[in-house]
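Asker: Let me see the structure of the following:
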Amino acid sequence: MRFATRAFLWCFGPFALLMLGSFWDVQKLVQLTVRDAIRNSLRQTHQSIALMRSKSEIQNSRFLRILGENAALKAGLQLLLAEPKDPDARLTVEEQLRELSETLGVDFLLASSPEGEPLAGVMRIADKLVAMDIARNQPPQRGFLTVETQTYQIASTPIDQADENLGLLTLGERFDFSQFSTPAVLIRNGKVLKSSVPGIPLADVESALGSCKGQIECEIRLGGESYLSLPLESIYFGDGYMIRSLQSLDSASRSLLKILQNVFLVTGIGTLFATLILTVLCSRSIVKPIAGVVSKLREAERTGLLPEFQSNPKLTPIQEIRELTEGFNRAGHAIRQGREHLHSAYVEFVGSLASALDARDPYTAGHSSRVSDYSCAIARIMNLPDESLEEIRIGALLHDIGKIGIMDSVLQKPDRLTNDDWALIRQHPTIGRRILEGVGGFQPYLPIVELHHENWDGTGYPVGLRAEAVPLAARIVHVADAFDAMTTSRPYRRAMSREEALRILQQNAGTQFDPAIVPVFAKFVAADEPAQFPRPVWPQSRPVYILPAAAAAPARSQHLENQRV
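Answerer: Numbers count the residues shown, from 1 in each chain. Next up, the predicted model:
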């Protein structure tokens with residue numbers, strides 16, 4: 001994000017957030033007020049329903065007592081009690097109950113024994129009164145009763161003959177929500193039996209009310225709207241039954257919130273527009289000079305060169321920013337001088353290390369420098385980036401630094417090396433890594449120093465890596481190192497010609513050397529002019545040891561594995 005954008009947001013953002021926060025607080029306050037009003041309204045509705053229910057029960061009790069005095073019903077019930085298994089007696093009582101139901105317009109009538117055991121009954125199914133299966137129905141004396149998918153509100157009265165109780169008469173009507181002015185649901189043991197919430201399936205209502213377990217008041221989501229739910233507690237509906245009334249909070253607060261939104265929209269847009277203009281003017285005076293500083297610093301990050309800032313009051317009218325740029329200029333000058341001194345010391349140190357190594361044996365004088373030249377030539381032909389080229393140049397100069405830790409009696413031995421001698425020689429990559437790894441500036445060159453004797457087929461040392469598991473820089477130095485070793489005279493053998501050394505490299509491409517690098521080096525050797533090709537120089541005063549013919553082996557072991565490189 002641009003600095004100008006950030007500065008603008010820091011100036012404008014807090015005010016905008018303050019306005020949005022104020023609107024949010026007012027909206028929440030309105031919602032809480034509406035919620036309290038709905039809660040009070042629901043409770044008043046519940047009280048009204050309870051009062052109506054109480055009056056209705058009084059009237060129903062009087063009505064039931066009148067029904068209980070029906071002489072024909074008493075006579076039929078006495079007969080059924082005397083002969084409980086007589087189907088004719090049961091049919092007689094059922095006909096009397098059906099006649100009473102048709103006359104009174106009730107949906108459920110049941111006659112029970114004094115012990116409460118059902119004897120005979122009728123119920124309305126699909127607008128038709130049918131005999132009740134008394135074996136399956138055990139209704140309570142009052143409250144609700146659910147038979148199959150139908151729910152009844154029921155009440156009971158005793159049937160007495162003088163001082164004798166003949167039984168119990170239970171009357172029921174289909175339950176509906178007509179007495180409720182708000183949506184409501186009838187629940188039995190957590191399962192929704194009926195609902196007057198429009199357009200919402202019973203399963204969705206039941207799932208939403210599942211979060212209300214153990215709560216008197218709860219808020220649920222139905223059909224994308226929030227509802228406040230309260231139970232109707234002042235009326236007994238029977239064991240496991242409950243009625244909860246619902247009221248939409250969104251519907252109740254929607255109109256009021258709409259008015260508030262319009263008010264805030266008009267006033268908010270005007271205020272934000274004025275604030276926007278002031279913020280732009282204020283932020284521009286700060287952003288412009290700082291943006292210039294940031295732009296130059298980004299350019300310095302890309303190029304690696306510290307910038308020079310112009311300290312001009314007309315360009316940077318803010319005194320603090322001018323002091324900042326002047327401080328950057330002083331720091332940059334000091335850093336540039338330090339980098340120049342450090343680079344010079346670094347180059348001199350690397351050259352000293354390579355010279356110190358070559359000085360131990362006049363026969364290997366210039367070896368590290370030539371290997372570095374060969375390796376850089378390969379890297380240039382392969383179009384490697386400048387960073388990799390510098391890494392290869394320095395790494396090749398240091399590739400044999402570990403030989404500082406090898407005894408001269410082994411390095412300058414004029415005879416064939418023993419197995420113990422070879423074991424010591426093979427330690428020089430590991431020794432070199434240990435010498436350099438403690439210095440942070442040499443970290444990029446450690447793979448070349450440690451792995452320049454790893455072979456393409458995994459038979460090299462010290463790790464035994466194979467193929468492309470060996471870093472590319474180490475594979476390049478491996479080829480250049482072997483070539484210079486073969487074309488340089490040593491105490492134990494004379495130098496080979498360039499052509500012979502190149503032929504041996506090509507024979508071992510794909511086994512000891514990277515098959516992609518050897519052709520590149522061959523192209524360089526073939527195209528290079530003698531005057532430009534680095535030539536080894538060796539003393540002629542010492543005797544030269546020639547390998548006996550009897551020790552001849554395949555080209556790889558004869559010419560390469562015996563090279564002390």
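
Asker: where in the stretch 51-200 of the chain is pLDDT low?
Answerer: When residues are selected by pLDDT under 70, those of the stretch 51-200 of the chain lie in 51-65, 68, 135, 137-138, 141, 179.

Asker: what do you get for the stretch 401-550 of the chain?
Answerer: 440, 491-492, 528-550.

Asker: mind listing the strands for this protein?
Answerer: Secondary structure of the chain, counting by DSSP state E: strands at 108-112, 118-125, 128-131, 143-147, 150-161, 164-174, 184-188, 191-195, 218-222, 225-231, 241-248.

Asker: Pick the most buried one from the ones you listed.
Answerer: strand 108-112 (a mean of 25; mean count of other CB atoms under 10 Å). Quick note: C-beta positions are derived from backbone N, CA and C, even for glycine.

Asker: now that strand, how far from the centre of its chain.
Answerer: Chain-centre distance of strand 108-112: 65 Å, with CA atoms, centre = their mean, to the nearest Å.

Asker: Pull up the pairing partners for it, direction included.
Answerer: strand 118-125 (antiparallel), strand 164-174 (antiparallel) (DSSP bridges).

Asker: Just the C-alpha atoms of it, please, in CSV.
Answerer: Extracted in CSV, the C-alpha atoms of strand 108-112 (Å, rounded to 0.1, in the frame of the first residue of the first chain):
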residue,chain,number,x,y,z
PHE,A,108,-63.3,-35.8,21.8
LEU,A,109,-65.4,-37.6,24.5
LEU,A,110,-64.2,-40.4,26.7
ALA,A,111,-65.9,-42.3,29.5
SER,A,112,-63.6,-43.9,32.1
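
Asker: Pull the residues that contact that strand.
Answerer: 73, 77, 80, 93, 97-98, 100-101, 118-124, 132, 134, 137, 139, 145, 152, 154, 159, 167-173 (CB atoms under 8 Å, 6 or more residues apart in numbering).

Asker: Can you tell me which of the strands of the chain is nearest to Pro519?
Answerer: strand 218-222 (73.2 Å; CB to CB).

Asker: Report the inter-axis angle for that closest one versus strand 225-231.
Answerer: Here the directions of strand 218-222 and strand 225-231 differ by 140 degrees (axes from the mean of the first three to the mean of the last three CA atoms, to 10 degrees).

Asker: strands paired with strand 218-222, and their directions?
Answerer: Counting by DSSP bridges, strand 218-222 is paired with strand 225-231 (antiparallel).

Asker: got a list of contacts for the partner strand?
Answerer: Here strand 225-231 makes contact (CB under 8 Å, 6+ apart) with 35, 38-39, 42-43, 46, 183, 197, 208-209, 212, 216-221, 242-251.

Asker: one more time with 7 Å
Answerer: 35, 38-39, 42-43, 209, 212, 216-220, 242, 244-251 (CB atoms under 7 Å, 6 or more residues apart in numbering).

Asker: With just CA atoms, put that strand into PDB.
Answerer: Extracted in PDB, the C-alpha atoms of strand 225-231 (Å, rounded to 0.1, in the frame of the first residue of the first chain):
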ATOM      1  CA  GLU A 225     -35.000 -13.200  10.900                       C
ATOM      2  CA  SER A 226     -34.400 -13.000  14.700                       C
ATOM      3  CA  TYR A 227     -37.200 -14.100  17.000                       C
ATOM      4  CA  LEU A 228     -37.600 -13.600  20.800                       C
ATOM      5  CA  SER A 229     -39.200 -16.600  22.400                       C
ATOM      6  CA  LEU A 230     -40.900 -16.900  25.800                       C
ATOM      7  CA  PRO A 231     -42.800 -19.900  27.300                       C
END
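
Asker: Pull the distance from that strand to the chain's centre.
Answerer: Per CA atoms, centre = their mean, the centroid offset for strand 225-231 relative to its chain is 35 Å.

Asker: Ile220 is in contact with Ala208, isn't it?
Answerer: Yes - using CB atoms under 7 Å, Ile220 is in contact with Ala208, at 4.2 Å.

Asker: can I get the strands of the chain in JSON lines with distance to Glu340?
Answerer: Converted to JSON lines, these look like this (distance: least, CB to CB, whole Å):
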{"stretch": "strand 108-112", "distance to Glu340": "106"}
{"stretch": "strand 118-125", "distance to Glu340": "105"}
{"stretch": "strand 128-131", "distance to Glu340": "110"}
{"stretch": "strand 143-147", "distance to Glu340": "96"}
{"stretch": "strand 150-161", "distance to Glu340": "96"}
{"stretch": "strand 164-174", "distance to Glu340": "101"}
{"stretch": "strand 184-188", "distance to Glu340": "85"}
{"stretch": "strand 191-195", "distance to Glu340": "85"}
{"stretch": "strand 218-222", "distance to Glu340": "71"}
{"stretch": "strand 225-231", "distance to Glu340": "72"}
{"stretch": "strand 241-248", "distance to Glu340": "78"}
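
Asker: so which of those gets nearest Glu450?
Answerer: Ranking the strands of the chain by proximity to Glu450 (CB to CB) places strand 218-222 first, at 66.2 Å.

Asker: okay, the angle between that closest one and strand 241-248?
Answerer: Using the same axes, to 10 degrees: strand 218-222 against strand 241-248 is 70 degrees.

Asker: how far is strand 218-222 from where the chain is centred?
Answerer: 30 Å.

Asker: tell me the average confidence for that strand?
Answerer: Taken as a whole, strand 218-222 has a mean pLDDT of 83.

Asker: What segments of the stretch 401-550 of the chain are helices?
Answerer: Ranges of helices in the stretch 401-550 of the chain, per DSSP state H, counting those that start in this stretch, are 408-411, 419-425, 428-436, 446-451, 472-486, 498-507, 517-527.

Asker: Among the ones you listed, which comes closest to Ser352?
Answerer: helix 428-436 (13.6 Å).
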